[in-house]
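Engineer: I'd like to go over a predicted model; first the sequence, then the structure.
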Amino acid sequence: DWRSACILANCFSCRNFNLIVIYVIIMNLIFLGPPGVGKGTQANLICNKYDLLHLSTGDILRLEISRKTEIGSFAKSFIDKGELVPDETLLKMMNNRLNQDDALNGYLLDGFPRTIEQAKGLDLIMKKIDHKIECVISLLADEDELVSRLLKRGLTSGRSDESIEIIRHRQQIYWNQTSPLLNYYEDIDLLMNVNGVGEINDINNEIIKIVNQYA
Ligand code: UDP
Ligand code: MG
């Protein structure tokens, strides 16, 4: 598996003394893309394969809502309208999360950052704890395909933001507020594009090819 593949053990014997040097490559990835493009599905597959921590800020916020926490009730008012939860809230939440020990072994950020402000804040947070982003994978698909996928998901997801009007609004928010991140990450040579239309397995293989360059 990946862990054993990227652990290089060099053993030097010297009489009764053994020195073992182990290198482990830690990867931190970002998945970027419009609602419904398959970030969550692909993130699950990649996190299982490479043993990464899956951090979906949408899932974290929905958990906060179900637990009726302060942050949850604050976030709910934005989520129900299809708006973004304010940058400050997300950055505080992610600062806490990334400072926990389980974030030391590599993670995949699914759906965060969502604005340029959040990306800049994330850069600062990661710099402070000496983490670095290996690559940002952008998944894309055309608008009609995305809307029909989300409407289908809405039939069973029980999510409050999967009616047609809110879906359209979330798409708009993505293009206005989140898509500038494509240039932001392209400019610092982190962006890799993947076509989000096709078989789940084929898309997964495309992503694996990219990730293996870093692993
Ligand atoms: N959301 C947000 N910031 C985040 C993650 C989620 O504001 O970092 C809110 C936003 O209102 C968004 C909703 O939560 O429309 C659902 O996000 P999620 O990532 O689950 O949606 P997806 O894009 O995966 O369908
Ligand atoms: Mg998602």
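Structural biologist: Structure's in. What do you need? Ligands and ions are numbered 1, 2, ... in the order given.

Engineer: which of the helices or strands spans the closest residue to ligand 2 within the chain?
Structural biologist: In the chain, no residue comes nearer to ligand 2 than residue 40, which is 3.7 Å away by Cβ to the ion. C-beta coordinates here come from the backbone N, C-alpha and C atoms, glycine included. The secondary structure element spanning residue 40 is helix 39-50 (assigned by DSSP states H and E).

Engineer: hang on, the residue of the chain closest to ligand 2 packs against residue 149?
Structural biologist: No. Here residue 40 lies out of contact with residue 149, judged by Cβ atoms under 8 Å, at a distance of 11.5 Å.

Engineer: against residue 43, how distant is residue 101?
Structural biologist: 21 Å (Cβ to Cβ, to the nearest Å).

Engineer: repeat for residue 209
Structural biologist: Noted for residue 209: a distance of 16 Å to residue 43, by Cβ to Cβ.

Engineer: which of these two has more neighbours?
Structural biologist: When neighbours are counted by other Cβ atoms under 10 Å, residue 43 comes out ahead of the other of residue 209 and residue 43, with 24 against 11.

Engineer: need the pLDDT of that one.
Structural biologist: According to the prediction, residue 43 has pLDDT 98.

Engineer: ok, back up a step: residues touching the residue of the chain closest to ligand 2, list them.
Structural biologist: Residue 40 makes contact with 56, 58-59, 110-111, according to Cβ atoms under 8 Å, 6 or more residues apart in numbering.

Engineer: what distance do you get for the residue in the chain that ligand 1 sits nearest to to residue 166?
Structural biologist: Among residues of the chain, the one nearest ligand 1 by Cβ to the nearest ligand atom turns out to be residue 58. It sits 2.0 Å away. Using Cβ to Cβ, we find residue 58 at a distance of 14 Å from residue 166.

Engineer: what of residue 159?
Structural biologist: Distance, residue 159 to residue 166, using Cβ to Cβ: 9 Å.

Engineer: if you count surrounding residues, which of these two has more?
Structural biologist: Shown here are residue 159 and residue 166; by other Cβ under 10 Å, residue 166 has more neighbours (20 against 15).
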